[in-house]
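A.B. asks: predicted model, plus sequence, below.
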Amino acid sequence: MTHLPSTRNSKLETRNYFNYFTEIEDTFVRRRGKHLHLSPMDWALIESWKEMGVPLHIALRGIEQAFDSYEAKPRKRSVKTLLYCQEEVEAQYSEWLESRVGAHEEGSDSFDGGDARDKEQVHPASPFARPAILQHLQEKRAELLTILESRRDLGADGLNDALDRATRLLEDLENDFAAAGTGAQQLEVSLTGIERMLNEALRSADVEAIGAHRGEVKTQLRPYKAHMEAAAYELTFDNLLLKRLRDQFGIPRLSLFYL
């Protein structure tokens, strides 16, 4: 008897296929700061990453890291192509493969086995025990899912889309971290990238509320503005505005600094 593939599974595979491309495009465009359509060569590069088996969260982390390095030492030329991120993405993928091989050989970093001492192991370069980090990821994903469910009746919008994408990416990170495929420092880069995506969605979620919040933040900073440099004022303003928006919508901080 011939078994036809499940329509549901086929739809899921199709969504995951296109999701890989759209998430990478969105992250690149967002970090670049100006909308720029990807070139056919960029799309071919993404296709090659997918064929290589580069997980989505690893590709996104590589792009985030490449732009972090670029912004730390700005160049005269702007980033115009995804090819700028290729070396970092593939370096992150190589490290990820090595870490998974190492974890498989040692067998002590898995949460499925080992004694109590292994389970309380603090990850290198991190002040937190691995179980604490894993619990943080699980709790934040659960919080975002709760917020998303509470907004289902509002229909599709930018914030709901960002929440859905964030929960799926957090699940990937959670599974990868549990398998010892990601270090705490690498995980922080990925979490920061997800927070950037959510921040962008918050800035356009409720125009009326944002206008009110902007006025309140201006009033709050008015006594200090004359004593602050323009760049410092803008950064402080943006941070306070985002804090108010996160409080309004209940969006938690994802960074390990809030663990």
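C.D. replies: All right, it came through fine.

A.B. asks: could you check the pLDDT of the spatially most central residue of the chain?
C.D. replies: The centroid of the chain falls nearest to Ile194 when counting by Cα atoms, centre = their mean (2.5 Å). On pLDDT, Ile194 comes in at 94.

A.B. asks: surely it meets Leu170?
C.D. replies: Yes. With contact defined as Cβ atoms under 8 Å, Ile194 counts as touching Leu170 (6.9 Å). In this view, the C-beta of every residue, glycine as well, is placed from N, C-alpha and C.

A.B. asks: now do the shared contacts for those two.
C.D. replies: Common neighbours of Ile194 and Leu170, using Cβ atoms under 8 Å, 6 or more residues apart in numbering, are Leu254.

A.B. asks: quick one on the thing from earlier: which SS class is the residue nearest to the centre of the chain?
C.D. replies: helix (DSSP: H, G, I helix; E, B strand; the rest coil).

A.B. asks: quick one: mean pLDDT over stretch 85-93.
C.D. replies: 92.

A.B. asks: show me which positions of that stretch end up buried.
C.D. replies: Within stretch 85-93, the residues that qualify as buried are Cys85, Gln86, Glu88, Val89, Glu90, Gln92, Tyr93, counting by 16 or more other Cβ atoms under 10 Å.

A.B. asks: in helices, which of those appear?
C.D. replies: Gln86, Glu88, Val89, Glu90, Gln92, Tyr93 (DSSP state H).

A.B. asks: which among those gets closest to Gly215?
C.D. replies: When those are ranked by distance to Gly215 (Cβ to Cβ), Glu88 comes first, at 40.6 Å.

A.B. asks: ok, that closest one touching Tyr70?
C.D. replies: No. With contact defined as Cβ under 8 Å, Glu88 does not reach Tyr70; the gap is 9.9 Å.

A.B. asks: that older thread, now the ones in helices among the buried residues of stretch 85-93 in a markdown table, with distance to Asp164?
C.D. replies: Shown next, in a markdown table, are these (distance: Cβ to Cβ, whole Å):
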| residue | distance to Asp164 |
| --- | --- |
| Gln86 | 28 |
| Glu88 | 27 |
| Val89 | 24 |
| Glu90 | 28 |
| Gln92 | 24 |
| Tyr93 | 25 |
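
A.B. asks: ends of stretch 64-83, how far apart?
C.D. replies: End-to-end distance for stretch 64-83: 13 Å, by Cα to Cα, to the nearest Å.

A.B. asks: need the residues that contact that stretch.
C.D. replies: By Cβ under 8 Å, 6+ apart, stretch 64-83 touches 24, 27-28, 31-32, 36, 38-39, 41-42, 45-46, 63, 84-85, 87-89, 92, 189-190, 192-193.

A.B. asks: now do stretch 161-169
C.D. replies: With Cβ under 8 Å, 6+ apart, stretch 161-169 has contacts from 19, 23, 56-57, 60, 141, 144-145, 147-148, 151, 190, 194, 197-198, 200-201.

A.B. asks: let me see the mean pLDDT of that stretch.
C.D. replies: Mean pLDDT, stretch 161-169: 94.

A.B. asks: in it, which residues are buried?
C.D. replies: Those would be Ala162, Leu163, Arg165, Ala166, Thr167, Arg168, Leu169, for stretch 161-169 by 16+ other Cβ under 10 Å.

A.B. asks: what's the spacing between Leu191 and Tyr258?
C.D. replies: Counting by Cβ to Cβ, to the nearest Å, the separation of Leu191 from Tyr258 is 10 Å.

A.B. asks: quick revisit: once you drop chain neighbours, what's closest to the residue nearest to the centre of the chain?
C.D. replies: What sits nearest to Ile194 in space, not counting adjacent residues and going by Cβ to Cβ, 6 or more residues apart in numbering, is Ala166, at 5.1 Å.
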